[in-house]
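predicted model and sequence follow; I will ask about them next.
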Amino acid sequence: MHPDLEEVLFDEEQIKSIIQTLADRINHDYKDTECLMLVGILKGSFIFMSDLVRKLTVPVRLEFMSVSSYGSATTSSGVVRIDLDLKKPIDGKDVLIVEDIIDTGHTLKYLLESLGARKPKSLEVTTLLQKKEALKTDVTVKYVGVDIPLKFVIGYGLDYDERYRELPVIGVLRESVYKK
Ligand SMILES: Oc1ncnc2cn[nH]c12
Ligand SMILES: [Mg+2]
C-alpha cells in the first residue's frame with residue numbers, strides 16, 4: 001500500500017464492480033439513444049471515463065471540459081472558471097457529465113447551469129464517488145457509483161496537488177501529507 005495512504009477504501013476489483021453496476025444502469029436507460037455524449041471533467045475523471053465507456057453498449061461521443069474551482073487544495077469555495085470548453089454544440093443531444101467525485105457540488109452546479117443553457121435534449125450526471133454529507137448545493141446526481149465518508153481521497157484519477165492520480169486504488173490520504 002502506498003505510504004501516503006491511511007487506508008484503502010476501494011481496491012481494483014471493487015472499483016471494477018462499481019463501474020459495471022453504473023454501466024448496466026446507463027446502458028438500460030439510454031438503450032434507445034441515437035448518441036450519448038459523455039462530457040468528462042478533466043483531469044480527475046479520465047480513468048473513470050476510460051473504464052466506464054468501455055463497458056457501454058450504446059453509441060457514444062466523447063468530449064472533455066476542464067474547470068478550475070477556487071479554494072484550498074482540499075476544499076472548494078464555489079468560485080468556478082471554465083478553462084477548457086466544449087468545441088461543439090450540444091443542443092438536442094443526450095448529454096452525460098462524467099465526474100470523479102462530487103463534494104460540495106459547487107462545480108457541478110455551475111456546469112449544469114452552463115450546459116443546461118445550451119439546450120441539450122437531456123442532461124444527467126454520473127460520478128464515481130459522492131460525499132453526500134459535504135453537499136452544499138441542490139444538485140442531483142442520477143448515477144452515483146458510491147457514497148464515501150467526509151475524508152480526503154486520492155487515486156484512480158483523484159489527486160492531491162496533482163499527485164497520486166496514478167494509484168490503481170482509491171484511498172484516504174494521510175493528514176500528515178497536507179497538514180504539515
Ligand atoms: O476527497 C477528494 N479527493 C480529491 N479531490 C477532491 C475534490 N473534492 N473532494 C476531493
Ligand atoms: Mg472532478
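Arrived safely, thanks for sending. Note that the coordinates shown come from a computational prediction; the quantities given were computed from them, not determined experimentally. Ligands and ions are numbered 1, 2, ... in the order given.

what does this structure have sitting close to ligand 2?
Contact residues (C-beta under 5 Å from the ion) of the chain with ligand 2: 41, 44, 99-100. C-beta: built from backbone N, CA, C; applies to glycine.

reformat these as CSV; add secondary structure, pLDDT and neighbour count.
Compiled in CSV, those are given as follows (DSSP: H, G, I helix; E, B strand; the rest coil; pLDDT from 0 to 100; neighbours: other C-beta atoms under 10 Å):
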residue, secondary structure, pLDDT, neighbour count
41, strand, 98, 23
44, coil, 98, 21
99, strand, 98, 25
100, strand, 98, 25
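
nearest to residue 20, of those residues?
Distance to residue 20 across the residues of the chain next to ligand 2 (C-beta to C-beta) is lowest for residue 100, with 17.4 Å.

could you report the separation of the closest one from ligand 1?
7 Å (C-beta to the nearest ligand atom, to the nearest Å).

not counting its neighbours along the chain, what's nearest that residue?
Excluding its sequence neighbours, the residue lying closest to residue 100 (C-beta to C-beta, 6 or more residues apart in numbering) is residue 44, at 3.5 Å.

elements contacting the longest strand along the chain?
Longest strand in the chain by number of residues, with DSSP state E as the criterion: strand 60-70. Applying 3 or more C-beta pairs under 8 Å, 6 or more residues apart in numbering; DSSP states H and E, one finds that strand 60-70 makes contact with strand 36-42, helix 46-53, strand 79-84, helix 106-116.

at 10 Å instead, please
Judged by 3 or more C-beta pairs under 10 Å, 6 or more residues apart in numbering; DSSP states H and E, strand 60-70 is in contact with strand 36-42, helix 46-53, strand 79-84, strand 94-102, helix 106-116.

who are the contact partners of the residue nearest to residue 100?
Shown in contact with residue 44 (C-beta atoms under 10 Å, 6 or more residues apart in numbering): 98-101, 127-129, 156-159, 165.

can you tell me which of those is closest to residue 91?
residue 98 (19.7 Å).

I'd like the distance between that closest one and residue 166.
Going from residue 98 to residue 166 by C-beta to C-beta, to the nearest Å gives 19 Å.

of these two, which one has the most company?
More neighbours surround residue 98 than the other of residue 98 and residue 166, with 25 against 11 (other C-beta atoms under 10 Å).

identify the bridge partners of the more buried one.
With DSSP bridges as the criterion, residue 98 is bridged to residue 40, residue 126.

how about the residues of the chain that lie near ligand 1?
101, 103, 152-154, 158 (C-beta under 6 Å from any ligand atom).
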